[in-house]
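In: let's see this in three dimensions:
(one chain, ligands or ions: 1)
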Amino acid sequence: MKIGVFDSGFGGLTVLRALLERVPAEYVYLGDTARLPYGAKSRETVARYAVSSAKFLVEEQGAEFLVIACNTASALALDAIRAAVAVPVLGVVETGANAAEASSTTRDVLVIATAATVESHAYASACSERKLRAIEKACPLLVPLVEEGWIESPVTAEVLRIYMAELLEQARVAGLNADTMVLGCTHYPLLRAQIEKAAPSGLRVIDSAEVTAEQVAGMLQVSGRGSEAKFFATDSVKKFRALGSRFLGREIGVVELVDLETAGSR
Ligand code: DGL
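Out: You can find the predicted model right below:
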């Protein structure tokens with residue numbers, strides 16, 4: 001089985017990491033780094049970019065199953081992707097909401113994500129389908145900070161402190177008693193330690209990587225470790241290798257540069 005994993009950049013590598021530990025498959029990963037960030041773009045643009053990326057993975061790389069390891073693309077373009085390719089497609093908003101459902105006992109959750117994901121209210125709807133109340137907060141500065149590698153910077157700590165104070169105030173005004181916070185962007189697990197420091201004690205911080213891997217294993221009825229992965233990026237392969245290793249938790253060897261803008265079929 002060949003599984004395609006797609007994100008606008010490096011964030012989806014946190015999902016690939018979990019998949020490699022649980023799902024025996026061959027992987028092909030695409031980071032659309034030239035067109036990142038998706039989180040500040042319109043639904044139409046995100047759908048166009050995500051569909052061309054999905055087609056590359058399925059039609060040119062032979063992926064038989066797609067994991068959209070980008071919350072923004074999952075929130076805004078899942079239907080467009082499903083309509084464009086003839087393989088099963090799993091998005092991370094659904095798996096993130098499943099993780100929230102499993103974690104929360106108060107049934108109130110906080111979600112931090114990109115502006116586009118928050119504006120789509122995909123998490124609020126997915127949570128309400130599971131009888132959870134959700135407050136969503138856009139944190140647009142976090143993706144650029146992660147992409148710059150400013151993981152432990154005091155600037156990042158201060159940005160997180162401000163976002164967290166705003167989010168907690170929003171939750172207080174809405175009367176929520178949240179016990180769980182979903183990292184609704186696949187870049188954010190890299191900031192988990194800093195986010196946990198900024199969050200009130202007792203708030204469980206969760207991301208969809210593990211739960212996504214578990215869901216894929218369940219859907220394909222397999223278990224075991226993944227074999228090697230092939231990597232593609234639409235911008236600097238040097239940067240992808242350097243930063244990507246951080247997200248994946250191990251060295252990334254060869255990264256091939258791909259141009260999604262010019263090929264006629266896309
Ligand atoms: N990693 C993407 C997500 O999960 C966001 C990055 C971007 O803005 O492109 O939403």
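In: rest of the way, CA atoms for contacts and neighbours
Out: Noted.
In: the helices in the stretch 1-150 of the chain, which residues?
Out: 13-22, 43-55, 71-84, 92-103, 115-120, 122-129, 142-147 (DSSP state H, counting those that start in this stretch).
In: residue numbers of this protein in contact with the ligand?
Out: Residues of the chain lying near the ligand by CA under 6 Å from any ligand atom: 7-8, 11, 36-39, 70-72, 114, 143, 185-187.
In: who's in contact with the closest residue to Thr33 other than its chain neighbours?
Out: Among residues not flanking Thr33 along the chain, Gly9 sits closest, at 4.7 Å (CA to CA, 6 or more residues apart in numbering). Going by CA atoms under 8 Å, 6 or more residues apart in numbering, Gly9 touches Leu30, Gly31, Asp32, Thr33, Leu36, Pro37, Ala233.
In: again, only this time at 6 Å
Out: By CA atoms under 6 Å, 6 or more residues apart in numbering, the contact set of Gly9 is Gly31, Asp32, Thr33.
In: dump these to JSON lines, plus neighbour count and pLDDT.
Out: Below are the contacts of Gly9 laid out as JSON lines (neighbours: other CA atoms under 10 Å; pLDDT from 0 to 100):
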{"residue": "Gly31", "neighbour count": "28", "pLDDT": "96"}
{"residue": "Asp32", "neighbour count": "25", "pLDDT": "96"}
{"residue": "Thr33", "neighbour count": "21", "pLDDT": "94"}
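In: sort out for me which of those are in strands.
Out: Counting by DSSP state E, the part of the contacts of Gly9 found in strands is Gly31.
In: so which of the contacts of Gly9 is the closest to Leu90?
Out: Gly31 (16.7 Å; CA to CA).
In: circling back to that earlier point, how about JSON lines for the helices of the stretch 1-150 of the chain, with mean pLDDT and mean neighbour count added?
Out: Shown next, in JSON lines, are those (pLDDT from 0 to 100; neighbours: other CA atoms under 10 Å):
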{"stretch": "helix 13-22", "mean pLDDT": "95", "mean neighbour count": "23"}
{"stretch": "helix 43-55", "mean pLDDT": "97", "mean neighbour count": "21"}
{"stretch": "helix 71-84", "mean pLDDT": "98", "mean neighbour count": "23"}
{"stretch": "helix 92-103", "mean pLDDT": "96", "mean neighbour count": "22"}
{"stretch": "helix 115-120", "mean pLDDT": "96", "mean neighbour count": "21"}
{"stretch": "helix 122-129", "mean pLDDT": "97", "mean neighbour count": "19"}
{"stretch": "helix 142-147", "mean pLDDT": "91", "mean neighbour count": "20"}
